[in-house]
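>>> Just a sequence and a predicted model for now, questions to come.
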Amino acid sequence: MNIRLSLTVNDESRELLVPVHKTLLEVLREDLDLIGTKHGCELGECGTCTVLVDGAPVLSCIALPADLQDSDITTVEGMADGSRLHPLQQAFAELGAAQCGYCTPGILLTAKALLADDPTPTRQRIREALAGNLCRCTGYTKILDAVELAALRMGQRPVRAMT
Amino acid sequence: MIRLPAFEYLAPRTVGDAVKYLADRGADAMLVAGGTDLFPNMKRGQFEPKALVGLRGIRELSGVSGDGRAGLTIGAATTLSAVAAHPEVARRYPALATAAGLVSSPQLRNAATLGGNVCVDTRCNWYNQSYEWRKAVGFCMKKDGDICLVAPGSSRCWAVSSSDTAPVLWALGATARLAGPAGERTLPVSALYQDDGIAYLAKRPDEILTELALPAADGWDSVYLKLRRRGSFDFPVLGVAVAVRREGEVVREARVVLGAVASTPREAAAASTALVGQRLTSESITRAAEAAAGPAKPLDNTDFTHPYRKRLVRVYVARALARLAGLDAGPSSFDGFEGRPGFPGEPRALAGGVRGGSSPPRLNNQGAISGPPPST
């Protein structure tokens, strides 16, 4: 059963015809070539495939695109502003908050949602927000440091005019 | 890529249409809301529906209305994140906010729904495995096989009720509204379950759970404690929901309901009885906790050993009551994240607040039920 989908991904409208049982993860990677979203366990147990739906982190491996046609979907490709990295991406790069990097897109997006909700989170709040993202390399310390650094910088930056 | 098997997808906009679609497709159809339990199970072959009736597009199924004074109604498709964050739920029904906020992980809770958690499939170490794993051990009666691999001599399935919110809703005296081809009916959450790992719901397959209604909260306090290995992701291997109504300091009504100790949430009626007419003191708490351990008969089919899980019933009921009594004095509510370094075998308790409290339950004047739980 194919379905005609109209999705809004990273502020772009995308029209496509796909089998209705394809998950959002499969559609992003295989039909929209947005391979920044990684596939990990594919069973909802690792957080690697996290994307934002209307600003909230959800797992694309167990989400049906058919349900998300009225929503704004953000993937890691939508974080940078042109060639200018998102402050989270900048902080992760500077602090080495990634080793293999496989979990990084999901963690960046989850942290982005956290900072939108709470621009000055405590370390405990960051831990709780990231409690659905497994990282098998880093031991998390530098990830937490990077989110704190990004929060600090984003708080100091003057608000830019929307264009 | 582990892919979903093909299915027909139906996305009704009204409960009436959903009931109709479900009746039309019969046993070939299943309901889906958040999909956080159903889709992984479909990928592993536990569920093989030919059609799915999606509930996410039905506006009337989402949202919270009412208040603690008159009672609160929560649409079954309200996400667990929304339930946990709702100010009136957090203030007047704190155990429910806690339970909803401890299900799985933040990402899951943004999609998973209260109705889905109430109806969540029972779990077992012999069942929640890949198709290949289950095939290798010869399958069990819950799916594709004939016998129970936990208790091979048994004629029934012993998979474990693994909902965090169900014992809480039961303890709070909530009712469930069901819509089906014959119309609507309402039944207490306590009547929604059956003690069978396969037929664990009294809801008929052609019925849709549409809302959960909580009675007025005046005078009631509640708390929920959850045992699991990790501070996130894991299903409960023990849940303790306690609700008490006090006049002054004297308990007038009490309900202690245990999760993950059987195929259904199980009320520890003797514990409830032991509390009525009493003040919450270390002595009455100890008696009630002893009484609560009776109905809990966990089998060796989840994480941790079953004697340990049985032993922890008493400990957790005592902690929950100590928290309600204000006898707790620990530093952090999220000791699943902070505090002791973790190592395999050490259980982690995650506890939420009751009426703004944020300390872990701990009876500081009662050696037997203070301090960290013993490791296995």
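Okay, I see it. Numbers count the residues shown, from 1 in each chain, chains lettered A, B, ... in the order given.
>>> Just the element for residue A:58, please.
strand A:56-59 (DSSP states H and E).
>>> Pull up the pairing partners for that strand, direction included.
According to DSSP bridges, strand A:56-59 forms sheet pairs with strand A:50-53 (antiparallel).
>>> before we move on, back to that, from the contact counts, what lies against the helix or strand just after the strand holding residue A:58?
Helices and strands here follow DSSP H and E; after strand A:56-59, the next one along the chain is strand A:72-74. Helices and strands touching strand A:72-74, as assessed by 3 or more Cβ pairs under 8 Å, 6 or more residues apart in numbering or on different chains; DSSP states H and E, comprise strand A:2-9, strand A:50-53. C-betas here are computed from N, CA, C, even on glycine.
>>> Could you say which of the ones you listed is packed most deeply?
When those are scored by mean count of other Cβ atoms under 10 Å in any protein chain shown, the highest mean neighbour count falls to strand A:50-53 (a mean of 26).
>>> contacting residues around the residue in chain A positioned nearest to chain B?
As assessed by Cβ to the nearest Cβ, chain B sits closest to residue A:132 within chain A, at 2.8 Å. Remark: with contacts taken as Cβ atoms under 8 Å, 6 or more residues apart in numbering or on different chains, residue A:132 is in contact with A:47, A:50, A:57, A:110, B:104, B:105, B:106, B:107, B:108, B:232, B:233.
>>> out of those, who's nearest residue B:271?
Distances from residue B:271 to the contacts of residue A:132, taken as Cβ to Cβ, are shortest for residue B:104 (27.9 Å).
>>> does the residue of chain A closest to chain B sit in a helix, a strand or a coil?
Classification of residue A:132 by DSSP: H, G, I helix; E, B strand; the rest coil places it in coil.
>>> any idea of the pLDDT on residue B:328?
Here, the pLDDT recorded for residue B:328 equals 72.
>>> how many neighbours does it have?
Burial of residue B:328 is recorded as 24 neighbouring residues (other Cβ atoms under 10 Å in any protein chain shown).
>>> can you give me the helices for chain A?
Along chain A, the stretches classed as helices by DSSP state H are A:24-26, A:87-95, A:104-117, A:123-129, A:141-156.
>>> is it possible to export the ones you listed to CSV including distance to chain B?
As requested, the helices of chain A are arranged in CSV below (distance: least, Cβ to the nearest Cβ, whole Å):
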stretch, distance to chain B
helix A:24-26, 6
helix A:87-95, 17
helix A:104-117, 7
helix A:123-129, 5
helix A:141-156, 11
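>>> possible to save those helices as JSON lines with mean pLDDT?
Formatted as JSON lines, those follow (pLDDT from 0 to 100):
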{"stretch": "helix A:24-26", "mean pLDDT": "98"}
{"stretch": "helix A:87-95", "mean pLDDT": "98"}
{"stretch": "helix A:104-117", "mean pLDDT": "98"}
{"stretch": "helix A:123-129", "mean pLDDT": "97"}
{"stretch": "helix A:141-156", "mean pLDDT": "96"}
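>>> Columns mean neighbour count on top of those helices, output as TSV?
Supplementary listing: the helices of chain A in TSV, determined by neighbours: other Cβ atoms under 10 Å in any protein chain shown:
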stretch	mean neighbour count
helix A:24-26	24
helix A:87-95	20
helix A:104-117	23
helix A:123-129	18
helix A:141-156	18
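>>> Which part of chain B gets nearest to chain A, residue-wise?
Of chain B, the residue with the smallest distance to chain A, taken as Cβ to the nearest Cβ, is residue B:105 at 2.8 Å.
>>> quick one, domains of the chain?
If you meant another chain, say so; for now it's chain A. The record, using automatic domain parsing to delimit domains, assigns chain A the ranges A:2-78, A:87-153.
>>> hmm, I had chain B in mind actually
Chain B resolves into domains spanning B:8-56, B:60-119+B:160-214, B:220-370 when parsed by automatic domain parsing.
>>> do you know how far residue B:129 is from residue B:286?
According to Cβ to Cβ, to the nearest Å, residue B:129 stands 40 Å off from residue B:286.
>>> who has more neighbours, those two?
Neighbour totals were compared for residue B:129 and residue B:286, and residue B:286 leads with 20 against 17 (other Cβ under 10 Å).
>>> element containing the more buried one?
Under the criterion DSSP H and E, the helix or strand holding residue B:286 is helix B:282-293.
>>> Any idea which residue is closest to the centre of chain A?
The central residue of chain A, meaning the one whose C-alpha is nearest the mean C-alpha position (Cα atoms, centre = their mean), is residue A:109 at 2.7 Å.
>>> Could you pull up the residues touching that one?
With contacts defined as Cβ under 8 Å, 6+ apart, residue A:109 is in contact with A:50, A:51, A:52, A:57, A:74, A:75, A:76, A:79.
>>> With distance to residue B:9 as extra columns, can I get those in a markdown table?
Formatted as a markdown table, the entries for these read as follows, by distance: Cβ to Cβ, whole Å:
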| residue | distance to residue B:9 |
| --- | --- |
| A:50 | 23 |
| A:51 | 20 |
| A:52 | 23 |
| A:57 | 24 |
| A:74 | 24 |
| A:75 | 23 |
| A:76 | 27 |
| A:79 | 31 |
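>>> can you map out the helices along the stretch 51-200 of chain B?
B:80-85, B:87-92, B:94-102, B:106-111, B:114-118, B:131-136, B:165-171 (DSSP state H, counting those that start in this stretch).
>>> quick one: buried residues of the third one?
When neighbours are counted by 16 or more other Cβ atoms under 10 Å in any protein chain shown, the buried residues of helix B:94-102 are found to be B:94, B:95, B:96, B:97, B:98, B:99, B:100, B:101, B:102.
>>> picking up where we left off before, make CSV from the contacts of residue A:109 and add pLDDT to it.
Rendered in CSV, the data for the contacts of residue A:109 read as follows (pLDDT from 0 to 100):
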residue, pLDDT
A:50, 98
A:51, 98
A:52, 98
A:57, 98
A:74, 98
A:75, 98
A:76, 98
A:79, 98
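>>> Nearest spatial neighbour of residue 46, chain-adjacent residues omitted?
I'll assume chain A. For residue A:46, the nearest residue in space outside its immediate sequence neighbours is residue A:40; the separation is 4.0 Å by Cβ to Cβ, 6 or more residues apart in numbering or on different chains.
>>> try again with chain B
Going by Cβ to Cβ, 6+ apart, residue B:46 has residue B:143 as its nearest residue, at 5.4 Å.
>>> report the longest helix in chain B, please.
Determined from DSSP H, the single longest helix within chain B is helix B:306-325.
>>> Just the strands from chain B, written as ranges.
B:8-10, B:29-32, B:51-54, B:64-67, B:71-75, B:175-180, B:183-188, B:208-214, B:220-228, B:238-247, B:250-259, B:266-267, B:348-351 (DSSP state E).
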